[in-house]
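Visitor: missing the sequence, but the structure's below:
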């Protein structure tokens, strides 16, 4: 099993949810976050004064999926969410040793 941690621009959330639904991801967790990457934010001029805005709004979507499904999701996200500009986001992939469904006690991929 793999845990996908996908960080994207907020306006791409619906596109990502569609990809995950079509790829049979059983569940997702969504968190609103703030951060910056290589671009270090941007400069904004307000009433003649220049401000550095370095914390940008992002969305973190987490899901645990089967190994073969993970690669399909990563491929689709890179192809469909990509705009070619800074701030498109990142995907972090982690190995998941085990999962337990609390309600039934099922373990492993059955718990997903």
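Guide: Here it is on my side, so go on. Keep in mind that this is a model prediction, so the values were computed, not measured.

Visitor: could you point out which element follows the helix or strand where residue 68 lies?
Guide: Counting by DSSP states H and E, the element that carries residue 68 is helix 67-81. From helix 67-81 onward toward the C-terminus, using DSSP H and E, the following helix or strand is strand 90-95.

Visitor: Just the mean pLDDT for that next one, thanks.
Guide: Strand 90-95 carries an average pLDDT of 97.

Visitor: State the phi and psi torsions of the residue lying farthest from the centre of the chain.
Guide: Summary for the chain: using C-alpha atoms, centre = their mean, the residue whose C-alpha lies farthest from the chain's mean C-alpha position is residue 48, with a distance of 36.4 Å. When quoted as degrees, to the nearest 10, the phi and psi of residue 48 stand at phi 90, psi -10.

Visitor: Could you tell me the angle between the helix holding residue 68 and strand 90-95?
Guide: 180 degrees (axes from the mean of the first three to the mean of the last three C-alpha atoms, to 10 degrees).

Visitor: Please name the nearest non-neighbouring residue to residue 82.
Guide: For residue 82, the nearest residue in space outside its immediate sequence neighbours is residue 88; the separation is 5.7 Å by C-beta to C-beta, 6 or more residues apart in numbering. Every C-beta, even on glycine, is put in place using the N, C-alpha and C of the backbone.
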